[in-house]
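In: What follows is a predicted structure for the sequence shown.
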Amino acid sequence: MDSRKQKEMEKLVKLLDLQPHPEGGFYRETYRSEEMIRGGKRSILTSIYFLLTSESISHFHRIKSDEHWYYHGGSPLIVHTLDMMGHHQHIVGNDIEAGYYPYFMVPKDTIFGSTVMDADGFSLVSCAVAPGFDFSDFELMNKEDLASSYPDQLEIIEKLCIS
């Protein structure tokens, strides 16, 4: 990443008090509703800031709630999803005429990950999860399992899986 973009990214990480995220990138939880569901065990809604760089991707994973993505700045972000129809790319950014979405929702139980569109940049988004996010619902996908289930998608599986 060039030094200007690197400084801008580091400034955002510091100002927003972001920490490393287990799936890649940086994050900070900004909201967790006090209202609960599921017998008082789950917040209705949670929200985070999420910053990815071109070097730090969000690996394929899935959660048991809908995840709503809101674009704030930097490079557009590509949300990659896998289903029985194949690999799909959803671009989250402000250029609506180019087909980008300033908002995108990933349905619960969908396998997804994300990458920064520009080869030398970063993307800042917010993610809201309803019902609220809980790490017990977070499943980081295994490369071998995905390759077995999606043999025609090996290139993107190699790119977005840790192991």
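Out: Great, that's in hand.

In: Please identify the buried residues of the helix or strand where Val79 lies?
Out: Applying DSSP states H and E as the criterion places Val79 in strand 77-83. Buried residues in strand 77-83, defined by neighbour count with 16 or more other C-beta atoms under 10 Å: Leu77, Ile78, Val79, His80, Thr81, Leu82. Bear in mind the C-beta positions are built from the backbone N, C-alpha and C, glycine included.

In: quick one: strands adjacent to it?
Out: With DSSP bridges as the test, strand 77-83 is paired with strand 86-92 (antiparallel), strand 111-116 (antiparallel).

In: What mean pLDDT does it get?
Out: On average, the pLDDT along strand 77-83 is 97.

In: and what of stretch 111-126?
Out: 95.

In: in it, what's buried?
Out: Neighbour-count burial for stretch 111-126 flags 111-118, 121-126 (criterion: 16+ other C-beta under 10 Å).

In: gap between the two ends of that stretch?
Out: End-to-end distance for stretch 111-126: 19 Å, by C-alpha to C-alpha, to the nearest Å.

In: Please compute how far that stretch lies from its chain's middle.
Out: 8 Å (C-alpha atoms, centre = their mean, to the nearest Å).

In: Tabulate the buried residues of strand 77-83 in CSV, adding columns for distance to Met1.
Out: Output for the buried residues of strand 77-83, formatted as CSV (distance: C-beta to C-beta, whole Å):
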residue, distance to Met1
Leu77, 15
Ile78, 17
Val79, 21
His80, 21
Thr81, 26
Leu82, 28
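
In: Out of the residues you listed, which comes closest to Val92?
Out: Checking these against Val92 with C-beta to C-beta, the nearest one is Leu77 at 4.5 Å.

In: Wait, that closest one touches Leu52, no?
Out: Yes - taking contacts as C-beta atoms under 8 Å, Leu77 lies within contact range of Leu52: 6.6 Å.

In: any shared contact partners between these two?
Out: Listed as contacting both Leu77 and Leu52 by C-beta atoms under 8 Å, 6 or more residues apart in numbering are Ser114, Thr115, Val116, Ser123.

In: from those residues, which is closest to Ile156?
Out: Thr115 (9.6 Å).

In: so the closest one touches Ser56, yeah?
Out: No - counting by C-beta under 8 Å, Thr115 sits too far from Ser56 to count as a contact (9.5 Å).
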